[in-house]
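Peer 1: Here is my input; please provide its structure:
(one chain, ligands or ions: 2)
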Amino acid sequence: MKRLLILGATGSIGTQALDVVARAPGAFELVGLSAERSHEPLLAQARRHGVRRIALGDHDAAARAAEAWTGGEVLAGPEGLVRLVAESGADLVLNAIVGSAGLGPTIVALTEGIDVALANKESLVVGGELVMALSEATGAQLIPVDSEHSALHQLIDGEPPGSVERLTLTASGGPFRGRSRAQLADVTVEAALRHPTWAMGGKITIDSATLMNKGLEVIEARWLFGTPYDRIDVVVHPQSIVHALVALCDGATLAHLGHPDMRVPIAYALHHPDRVDVPVPTLDLAHVGALEFESPDLDAFPCLRLAREAAQAGGTATCVLNAANEVAVHAFLSGRLDFLGIPAVIDATLERLPAARVHSFDTLYEADAEARRLAAETVQVRA
Ligand code: NAD
Ligand code: MG
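Peer 2: Numbering: from 1, shown residues only. Ligands and ions are numbered 1, 2, ... in the order given. As a prediction, the model looks like this:
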């Protein structure tokens, strides 16, 4: 039995992971669950899955959970989350927290030598270099959950070192694919949340609509696979059937295909190196019919360009990019910023906070806080 801890259990990835776990009786012992605020769903999950220890990021929510639950222990706040990971004795931590709040738990797990199934791409966008060094130092593995990176992990596995020339990530293009910049000026939150192929949490759904998600994923791929940025391509593929491709030195290109269902990469990461049955229909290409590909439109969707520029700048730039994006997306979702304001806020924040060298995780926490402050200012000015 693998001892498994799930962080961000109440979210889109977290609930699908619990579905994967429930379908494999005897494979996992769940040693803990966490959420930010939603204490009632978290308690229901703990009861259903026989979990004895949970953590809630929000102190009030933790206090309510502790009152309502006699079946186990409730930890509170960011310190509680750290304890949940550090004292878990887990073999594997699934990090399905959204945003840079996921970086701390990734660091704690790797420091303890615990393997991490990583959905929280922001951990690598913010702290890729230090996170990879930590994983190297402790021998704890990072297994990607992001579908494109799971695909790449499978495609690269078994290829001799030095044989991979290029990586390609596919992007659905989101709900606004094909629109010009002018046609994006007055899009609503509701329209932006209507993703054509994937059902996901709110933040990543907006990131998919702006193409920032693909920018974050280019950075994620660079750190996971050690591939330089100029060898990582993005192609828009509206059907989301091909998840990623690798071009090899001998002229062969390998692709990973499947229906868009996150339970596939989640099951891959949780059961790795084993393979298990996942209840998704077998891919029938004749039924799918056509697979289309096109270049991303960087004029209408400048977030992908901003992400590439920050990636090239290096240092704290991707941390700043991420923090400004989180602030801007949150402002858009709460009606305080227009859709085109998202790249504008990120651009302005990157301008005001030039890339600096990263000496330690503290450098990153400081850059994250400063970028949030400046981004919030720009949101205010624009409103
Ligand atoms: P979500 O919003 O549905 O869920 C987020 C979870 O994290 C919730 O359980 C929430 O309580 C918890 N959380 C939120 N803020 C927190 C904080 N400050 N501290 C601790 N916990 C906090 O998000 P999601 O769509 O499941 O995405 C989770 C991560 O997985 C993101 O990094 C996302 O980019 C990545 N991802 C998601 C999908 C998908 O299909 N949903 C696909 C690929 C990658
Ligand atoms: Mg993805």
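
Peer 1: Quick check: closest non-adjacent residue to the residue in the stretch 201-350 of the chain that ligand 1 sits nearest to.
Peer 2: Closest residue of the stretch 201-350 of the chain to ligand 1, C-beta to the nearest ligand atom: residue 201 (2.5 Å). From N, CA and C alone the C-beta is placed, and that goes for glycine too. Leaving aside its chain neighbours, residue 201 sits nearest to residue 12 (4.4 Å; criterion: C-beta to C-beta, 6 or more residues apart in numbering).

Peer 1: for the residue in the stretch 1-150 of the chain positioned nearest to ligand 1, what are its contacts?
Peer 2: Closest to ligand 1 within the stretch 1-150 of the chain is residue 11: 1.9 Å, counting by C-beta to the nearest ligand atom. Contact analysis of residue 11 by C-beta atoms under 8 Å, 6 or more residues apart in numbering lists 35, 96-98, 201.

Peer 1: Among the residues you listed, which ones are in strands?
Peer 2: residue 35 (DSSP state E).

Peer 1: So how do I select the buried members of the contacts of residue 11 in ChimeraX?
Peer 2: The ChimeraX selection below is limited to those of those classed as buried (16 or more other C-beta atoms under 10 Å):
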select :35,96,97,98,201
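
Peer 1: least trustworthy position among the contacts of residue 11, going by pLDDT?
Peer 2: Minimum pLDDT for the contacts of residue 11 is recorded at residue 201 (95).

Peer 1: looking at it, that residue is touching residue 98, isn't it?
Peer 2: Yes - the criterion here is C-beta atoms under 8 Å, and residue 201 meets it with residue 98 at 5.8 Å.

Peer 1: Closest approach to ligand 2 from this structure, which residue is it?
Peer 2: Relative to ligand 2, the nearest point of the chain is residue 146 (4.2 Å; C-beta to the ion).

Peer 1: which non-adjacent residue is nearest that residue?
Peer 2: Nearest to residue 146 is residue 121, by C-beta to C-beta, 6+ apart, at 5.6 Å.

Peer 1: from what I can see the residue of the chain closest to ligand 2 touches residue 119, true?
Peer 2: Yes - if you go by C-beta under 8 Å, residue 146 and residue 119 touch, sitting 6.7 Å apart.

Peer 1: Who has more neighbours out of the two?
Peer 2: Counted by other C-beta atoms under 10 Å, residue 146 and residue 119 do not tie: residue 119 has more neighbours, with 31 against 28.

Peer 1: Okay then, goodbye and thanks.
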